[in-house]
Structures are given as C-alpha cells and as structure tokens.
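Visitor: here is a sequence together with a model predicted from it:
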Amino acid sequence: MELTMEAKNIRNFCIISHIDHGKSTLADRFLELTGTVEKRKMREQFLDMMDLERERGITIKMQPVRMIYKEFILNLIDTPGHIDFSYEVSRALRAVEGAILLVDATQGVQAQTIANVEMAKSSGLKIIPVINKIDLPSARIEETREEIKKLLGIEKILEISAKTGEGVETLLEEVIGRIPAPVPTFQSEPRGLVFDFEYSPHQGIIIYVRMFDGAIKKGDGLMLSQINEKFNVAEVGIFSPNRNPVSILKAGEIGYIVTNIKKPGIGLVGDSVVGFNPPAGGSLPALPGYFQPRPVVWASVYPESQDDFDLLKQSLERLRLSDSSLVYEEENGGVLGRGFRSGFLGMLHLEIIMERLKREFNLKLIIAAPTVIYKIIFMDGKEREIYSPAFFPDEHLIKKIFEPWVEMQIILPVEKIGPLIRILHDHEAEIGATRQFGDSAGRSLLNVDMPLRELMRNFFDELKSVTAGYGSLNYKISGWREVKNGAINRLDILVAEEVVPALSRIVSRLKIEREAKETVEKLAKILPRALFVIKIQAKGLGRIIASRSIPALKKDVTGYLYGGDRTRKMKLWQKQKRGKKKLKEKGKVNIPPEVFIKMMRS
C-alpha cells in the first residue's frame, strides 16, 4: 500500500560507526521491528546486497531503506565503517537530518568513530549516541559511556544489544523524538540532491535522490543542473529495501528516479535534479554538492586479453556510477597493452573494485603494483606528477621529489605503545603528542605523521597485529613534503631478463634490498614453471640486487624407449637440450593474472 505523509512525519537518518561495531545488525533489528521485511525472508546483514559484502562481513555500499513505524516514515541509510569508504558516509550524511552513532561496548570509541562524528557535526546533524553489545560479558559500558560524553558532551546515551534486540524499540522512539523533521525551502518547484546512482541495461541511469523541495512524478521534465542534461521521468519509487514504484516523491522523502539515460559518463554524485519548465522560465538553483575525493592509491589495470579493452572501459564507467570515488584514465602500458591508470581511496577499496570487475563483468585483469602519486621536478626545471612506478625517472634526471604525507590518529591500549613505536620507526613516521584517551588510563591517543607510501605498505595490518586487534586509526592527507635526495628509488622486477612494468614499485632506499629479496622469493614461489629455466631478478640502485631461478619442467623424452642402443636415448636428450636452449633465448614467459593479484596483496 502506498503511503503519503506530510514532511513533519518523516525522519531521515543514518547509522555511523567504526567497522564491526554492529551497524548492519542494528539495521536488521529495525527491519524486523517495523515489519519492513517479512520474517520468512529475513536474513543476517539484509541491507548488504552484494555477495562480496556478505562474504567479507563488511558494508561496502550505502543502502537506503524506508520503514513505517506507527504513523512515521523512517528513511534509514546504512553506511560502511571502513576508512576506505568514508566518502560513502559523507554523502549519506548530506541526505539526512540525524545520525545514530553506534559504539561497541567491548571496544569503546575508535579512531574512525571520531572521524565520523566530525563529519556529522560539520553537516549540522542531530547525533544520537548509542552503546551496542551490552549483552556481552566483556562489555565496558561505563568506560564507553565516559568516552562518548567526552567526545560529544551529551549526557543522554542509550544502551542496546542489536543482536538480542534489547533497547532497539526505545532507540526508534528516540529517533522520532530527537531527530528533526525535514523542512522544505520551496513548495512549488522540485529540487533534490543526487547522493548515489545505479545503472540498469534496460532503464539506464537510476538516480538515488533526497527530495528537498516540491514533488516529482512520472512524466515530469527534469534536469541535472551541473551537466545540463534534461530527461523525462520514467518512474519514481522508494526503497523497501528493494526498489518499489510509487506515484509521487515529495519534499523530505528519499527515493529513486528512473531517467532512461544511457549515455556513458552522465551521472555525477552531488548534482541537483531540478524541475525544468521552459514556459515558467527555468528552475531552482542547484543544491550544494559534495567535495571530490582525492585518490590515495594508484594502480594500472589492464585486461588479460586486449580484446576485452572496450569491455573494461564500459565496466569502469558502470562502476563509477555506483562508486563516484573511483578515478581512471586511459594509458598505454607498453608490453601490457592498453589499460587504465586508476585511483582508489585505499588498498581495500582497490581490492574490492578489482573483485567487482572480475565478478560482475567476468573480466580477467592484470593489476600493476599499487603506488602513490609523486611530484617530480626535473633537472631542466619541468614539473610532472608520476602515478606509475614504470614512469619513475632515473636518479640522475631528478632535481627534487615531493611525496604526500598523512596525519594519523591512533587509539590503542597503553601497554601496546612500545611495540607500536618500533613499527612506526620502521615506517619512517614522526610521532607527535600522546595523551590519555577517555577518563580511564587504559587507552592512549597518538598523533602521527607518516609518508603515504609507508601507510600503504601493510601498516594497517601491522597495527592490528601488534595491538592484538585493539588498535584503530584514522588519517587524512596533510600535504606534500620533499623527499631527501636518493631516499626513494624505483625497484624493477625482471622475468627472463625482461622488465615486468606491472611489478615495478617505488621503495625507500633503506628497505630496497629487503623488498627486492622478498619480492623475488615470493614471485619464485607462485610463478608457474616453464619448459626452460626462468630467471627472476630485482634491479635497483643501478644493479641487480636479488636473483632466483625457477628450474625447468622435466619431460622424460625417452620414456617410450626400451632396450636397444643407448646412443638413441643420447640423441633425444641432446635434441631436448638444444630445444630448451632455444626456448630460453627466444621464449617469453606468460604471467597469469592471478600472479599479479597475489603479488599485489603482498
């Protein structure tokens, strides 16, 4: 049944938290309590629609859903928690009036919690703090309460168990009572904020929109303000949580619009959809959009077969509709052929995008070693930004190098500070102020500056390992710093005496020998053997630093012979030897795509 209600009965909100603090579980309880999903259809992590999300147990994409509770419409947007997907969170926050801040009682406030609070405050949202997992024996409810008070200055903090449902109904009542209703600015003309996209081969671009003014119905003429693209509405609807058509979308509501636009590259997150009525002379001004996220990690992506280049291009265009933080541009990788230099918000973001390309579009890819961007000033005074290690110039051509640095906040148990400091020194970090976090002496907050290249070098995994999983971090790009002359160098990997551009990387001079040996050893273990000896070498600092050889596959060419003169066997062995020598001189090693993926993960 289609429900139409005034804006005063609408509440738009999202759930924000650090990863694994229970957002998806709380969303499940909301869906059950409001009867949005039938009990027989209910499953865990219901709003995590992608198989990839369910397999990894993380939310990757924000997901809106409309729920009816008593006489109120509750529009919830479930958001990711991992730092790589913070741009998804920032977009969700702009489409709502309030946020539930969920904090795990066993872990307390984490670094990403602080970052999410800052984003919610900057968007002017009403924040409802909630302590989750109070049913667990290890819950630190009072300590967590004090940390939240210190962070927000709010006395009223709810306690729930999203798993058992305890306190969830009270939380829904608080959402209605404390989060303000949307207030339209204009009544006559429609205007909405585009916060996400979806692409359908049959319906074209589907806009996810938060309506701020007026109303939209099927057949209306609309326009995307920033790109001046006009279209007629083919369908409007709501998320319940699947797309459900309705007759009209009104101010304050969250829903979708089917545009039937099938042009590539049209969608733009943060654009405004407005009414276009030529007789009336135009439309409302655009709403403030979103900041454009800056890629943190770059990697070159090539199709295994150049016949799939157009499919890869089309696939990236489709993915960018649902993930506007993805950046890419065409490049030629020499022996690897045509591909795309792609920018990502972190290593997990990169891995997720590659996995989606593989699953959703059946692509086989070659992925170059991830790197960060460098700013090079050459001896002749020219300046150039380098996104790929393969294009990093030789040392004698360089006058100055600049690289990005990050500011980090790390929250961890006090007793883990010593082991962490050793890791920080290994990653060339500068340790700033350290202070007690919360009122208890159990945890500390460290301010750290670090080169972005070192943050990407498995620092997050090392932090989790050294802190037994209790450490958390949040970071932001702080700017450019000059690299000391010769402090970083290009490390090339040669297979059968040919440089493999996809395996080149930029590493610190202090670690180049260790990296070279580790890379060669790992590649020697995972590279398939051939009919001839394969030599693997690591080259840097103008010389070969490490080398390994993979023995040739052995084939018994005399196996079918029996008895007789030995000279017949000798002739076959000599012929095989000459054949292997010829293969070694002229043969080329074909490296399977899975080898590049395994090397990237290392």
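Guide: Alright, I've got the coordinates.

Visitor: from here on, contacts and neighbour counts on C-alpha atoms
Guide: OK.

Visitor: any low-confidence regions in the stretch 1-150 of the chain?
Guide: 1-5, 45-46, 48-50, 52-57, 60 (pLDDT under 70).

Visitor: return the backbone torsion pair for Glu147.
Guide: As for Glu147, its main-chain torsions (degrees, to the nearest 10) stand at phi -60, psi -40.

Visitor: same thing with the one 5 residues further on?
Guide: The phi and psi torsions at Leu152 (degrees, to the nearest 10) take the values phi -110, psi -20.

Visitor: taking the centroid of the protein, which residue is nearest it?
Guide: Centroid-nearest residue in the chain, with C-alpha atoms, centre = their mean: His349, separated by 2.5 Å.

Visitor: who are the contact partners of that residue?
Guide: His349 sits next to Asp84, Phe85 when contact means C-alpha atoms under 8 Å, 6 or more residues apart in numbering.

Visitor: and it, that one's in a strand?
Guide: No - the assignment for His349, made by DSSP: H, G, I helix; E, B strand; the rest coil, is helix rather than a strand.

Visitor: how far away is it from Leu193?
Guide: The gap separating His349 from Leu193 is 25 Å, by C-alpha to C-alpha, to the nearest Å.

Visitor: try Glu147
Guide: Using C-alpha to C-alpha, one obtains 35 Å as the distance from Glu147 to Leu193.

Visitor: so which of those two has more stuff around it?
Guide: Leu193 (27 against 19; other C-alpha atoms under 10 Å).

Visitor: give me the element that one is part of.
Guide: According to DSSP states H and E, Leu193 maps onto strand 191-200.

Visitor: would you mind checking the average pLDDT for the next helix or strand after that strand?
Guide: Note on strand 191-200: by DSSP H and E, the next helix or strand toward the C-terminus is strand 204-213. Strand 204-213 carries an average pLDDT of 89.

Visitor: partner strands of strand 204-213, with direction?
Guide: strand 191-200 (antiparallel), strand 254-258 (antiparallel) (DSSP bridges).

Visitor: just the CA coordinates for the first one, please, in CSV.
Guide: Read that as strand 191-200. Only the C-alpha atoms of strand 191-200 are listed here, as CSV (Å, rounded to 0.1, in the frame of the first residue of the first chain):
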residue,chain,number,x,y,z
ARG,A,191,14.6,20.0,-6.2
GLY,A,192,16.6,17.1,-4.9
LEU,A,193,20.2,16.1,-4.1
VAL,A,194,21.7,13.1,-6.0
PHE,A,195,23.6,11.0,-3.5
ASP,A,196,24.1,7.9,-5.5
PHE,A,197,23.5,6.1,-8.8
GLU,A,198,22.7,2.7,-10.3
TYR,A,199,22.8,1.6,-13.9
SER,A,200,20.3,-0.8,-15.5
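
Visitor: what's the offset of that strand from the middle of its chain?
Guide: Centre-to-centre, strand 191-200 and its host chain are 19 Å apart (C-alpha atoms, centre = their mean, to the nearest Å).

Visitor: mean confidence for that strand?
Guide: Per-residue scores along strand 191-200 average to 86.

Visitor: and the contacts of that strand?
Guide: The contact list for strand 191-200 (C-alpha under 8 Å, 6+ apart) reads 91-92, 95, 205-215, 267-275, 284, 286-287, 289, 318, 321-323.

Visitor: mind redoing it with 6 Å?
Guide: For strand 191-200, contacts defined as C-alpha atoms under 6 Å, 6 or more residues apart in numbering pick out 205-213, 269-274, 321-322.

Visitor: next: the last one.
Guide: Residues from elsewhere that reach strand 254-258 (C-alpha under 6 Å, 6+ apart): Ile206, Ile207, Tyr208, Val209, Arg210, Ala234, Glu235, Val236, Gly237, Ile238.

Visitor: where exactly do the helices run in the stretch 351-500 of the chain?
Guide: Counting by DSSP state H, counting those that start in this stretch, the stretch 351-500 of the chain has helices at residues 417-426, 452-455, 459-466.

Visitor: buried sites along the last one?
Guide: In other words, helix 459-466. Using 16 or more other C-alpha atoms under 10 Å as the test for burial, helix 459-466 gives Phe459, Glu462, Leu463, Lys464, Val466.

Visitor: what's the lowest-pLDDT member of the residues you listed?
Guide: Lowest in pLDDT among the buried residues of helix 459-466 is Lys464, which has 84.

Visitor: follow-up on the earlier one: among the contacts of strand 254-258, which two are most distant?
Guide: Distance extremes for these: the farthest pair is Arg210 and Ala234 at 17.5 Å, using C-alpha to C-alpha.

Visitor: between the two, which one's more packed in?
Guide: Neighbours per residue (other C-alpha under 10 Å) separate Arg210 from Ala234, with Arg210 holding more: 27 against 16.

Visitor: show me what the more buried one is bridged to.
Guide: For Arg210, the beta-bridge partners are Leu193, Ile254 (DSSP bridges).

Visitor: and it, how far from Arg191?
Guide: Arg210 sits 9 Å away from Arg191, going by C-alpha to C-alpha.

Visitor: now swap in Glu97 and tell me
Guide: Taking C-alpha to C-alpha, one finds Glu97 at 17 Å from Arg191.

Visitor: show me which of the two is the more surrounded one.
Guide: Arg191 (32 against 22).

Visitor: quick check: nearest residue in space to the more buried one, chain neighbours excluded?
Guide: Once flanking residues are discounted, Arg191 sits nearest to Val274: 4.5 Å by C-alpha to C-alpha, 6 or more residues apart in numbering.

Visitor: now name the helix or strand holding that neighbour.
Guide: For Val274, the enclosing helix or strand under DSSP H and E is strand 272-275.

Visitor: neighbouring strands for that strand, and are they parallel or not?
Guide: strand 191-200 (antiparallel), strand 221-224 (antiparallel).

Visitor: which one of the ones you listed lies closest to His425?
Guide: Among these, the nearest to His425 by C-alpha to C-alpha is strand 191-200 (40.7 Å).

Visitor: list the buried residues for that closest one?
Guide: For strand 191-200, by 16+ other C-alpha under 10 Å, it's Arg191, Gly192, Leu193, Val194, Phe195, Asp196, Phe197, Glu198, Tyr199.

Visitor: how about the residues you listed, which pair is most distant?
Guide: Maximum pairwise distance in the buried residues of strand 191-200, criterion C-alpha to C-alpha, is 21.6 Å, between Arg191 and Tyr199.

Visitor: just checking, Ser549 is part of a strand?
Guide: Yes - assessed by three-state DSSP, Ser549 belongs to a strand.

Visitor: that one pairs with what?
Guide: Counting by DSSP bridges, Ser549 forms beta bridges with Lys535.

Visitor: do you know how far it is from Ile423?
Guide: Relative to Ile423, and taking C-alpha to C-alpha, Ser549 is found at 32 Å.

Visitor: then Phe460?
Guide: Phe460 is 11 Å from Ile423, by C-alpha to C-alpha.

Visitor: repeat that for Phe532.
Guide: For Phe532, the distance to Ile423 equals 41 Å [C-alpha to C-alpha].

Visitor: these two: which is more packed in?
Guide: Taking neighbours as other C-alpha under 10 Å, Phe532 and Ile423 compare with Phe532 leading, 22 against 15.

Visitor: count the neighbours of Lys358 for me.
Guide: Neighbours of Lys358 under the rule other C-alpha under 10 Å: 14.

Visitor: the nearest residue to it once chain neighbours are set aside - how many residues pack around it?
Guide: Of all residues not flanking Lys358 in the chain, Lys364 sits nearest, at 6.3 Å (C-alpha to C-alpha, 6+ apart). Using other C-alpha under 10 Å, Lys364 is surrounded by 19 other residues.
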